[in-house]
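# sequence and computational prediction follow.
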Amino acid sequence: MTLRLWRDRFWIGAVLWTLFLITNVIFDAGAQNTEFARNGVMSFQIWEPYLWEGSSAALTLSLIPLVLRVDQIFPLGSLAPTRYIALHFIGSAIFSLMHTGGMVLIREITYAAIGGDYSFGSWPWGVFNEILYEYSKDWRGYLTILVYAYAFRIILEHYQGRGTAKSEAPKEQAAQKITVKTRSGEIYINPADIDYIEAAGNYLSLHIGDNDYLTRSSLKAISARLPETFKQVHRSYIVNTDQIVSTTPTGSGDKILTLTSGSTVPMSRRFKVGGWEKCLKKRI
């Protein structure tokens, strides 16, 4: 049995991240209240640490898809090490500014609604110091999201390996198919059944209907084993052109490809894959 990629993976990840952040809010806010009580600090009400931690967690949760999207576009190994580090340094800075700005806005609105006042620091140096302080925490949070994402993919591969039966396909039949190694053996996939292939770090996700098969490879390596009907349409995607039913321009020169399965795949204007569009017009 395999996971249904964009449904099961998304919801499992969303639930796990939500539980993780809620747990952090409860324990961190509780620890702050305990510390205030121990030191005799009476200037804060018991709900305030929960607002502070909750607003931070809410923004973190909302920004996780953006971090994962950056990793999807520029997976590990897609850039030279220095460029990859520079990319994520900039990404972590933007993440921190969005996280800080969003949580301060939530706090300002909440305090204003109850007639209170929230101060993030005196302008300009107090605010600047607070932003630096938040970044000192946020870059670790950004890195944690990436590490957890890659760990999650490894766990998914292990799950797939345990849940997929080994194929008993004859050798001559297997030779015409793509062999995917799992922890429990090998399975043989008919390329014609594949809707599209997506790069995910050091792995590839082979999408077949609602199913997804993870294998350790690269787009360049697997493209040599695919029929001519498969074209690379994006730096992270190869699509089976026989599965395309429509194309939708995005206005920037890029397109969105819709497949027979209902899945959509981005097509970059940088990839010229002419020829199949004429065949598509004939089919529809």
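That came through, no problem. For clarity, every value in this text was computed on a predicted model and none was experimentally measured.

# what is the least confident helix or strand in the chain?
Least confident helix or strand of the chain, by mean pLDDT, DSSP states H and E, is helix 171-174 with a mean of 42.

# I'd guessed residue 186 sits against residue 178; true?
No: judged on C-beta atoms under 8 Å, residue 186 makes no contact with residue 178 at a distance of 10.3 Å. Just so you know, the C-beta spots here come from the backbone N, C-alpha and C atoms, and that holds for glycine as well.

# quick one: the strands in this structure?
Assigned by DSSP state E, the chain shows strands spanning 178-182, 185-189, 196-200, 203-208, 211-216, 230-234, 237-240, 244-249, 255-259, 264-267.

# nearest to residue 101, of the ones you listed?
Across those, the minimum distance to residue 101, taken as C-beta to C-beta, is reached by strand 264-267, at 28.2 Å.

# do you know the pLDDT at residue 43?
The model reports residue 43 with a pLDDT of 81.

# which residues touch it?
Not one residue lies near residue 43 by C-beta atoms under 8 Å, 6 or more residues apart in numbering.

# any chance of CSV for the strands of the chain, columns mean neighbour count and distance to residue 95?
Shown next, in CSV, are those (neighbours: other C-beta atoms under 10 Å; distance: least, C-beta to C-beta, whole Å):
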stretch, mean neighbour count, distance to residue 95
strand 178-182, 18, 34
strand 185-189, 17, 37
strand 196-200, 24, 20
strand 203-208, 22, 24
strand 211-216, 19, 27
strand 230-234, 21, 24
strand 237-240, 24, 25
strand 244-249, 14, 30
strand 255-259, 18, 26
strand 264-267, 19, 22
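
# need those in a markdown table with mean pLDDT, can you?
Listed next are those as a markdown table, based on pLDDT from 0 to 100:
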| stretch | mean pLDDT |
| --- | --- |
| strand 178-182 | 70 |
| strand 185-189 | 76 |
| strand 196-200 | 88 |
| strand 203-208 | 86 |
| strand 211-216 | 80 |
| strand 230-234 | 90 |
| strand 237-240 | 92 |
| strand 244-249 | 88 |
| strand 255-259 | 89 |
| strand 264-267 | 88 |
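
# got the contact list for residue 257?
233, 239, 244, 246, 247, 264, 265, 266, 267.

# name the nearest residue to the fourth one, ignoring sequence neighbours.
Across the structure, with C-beta to C-beta, 6 or more residues apart in numbering as the measure, the residue nearest residue 246 apart from its sequence neighbours is residue 258 (4.6 Å).
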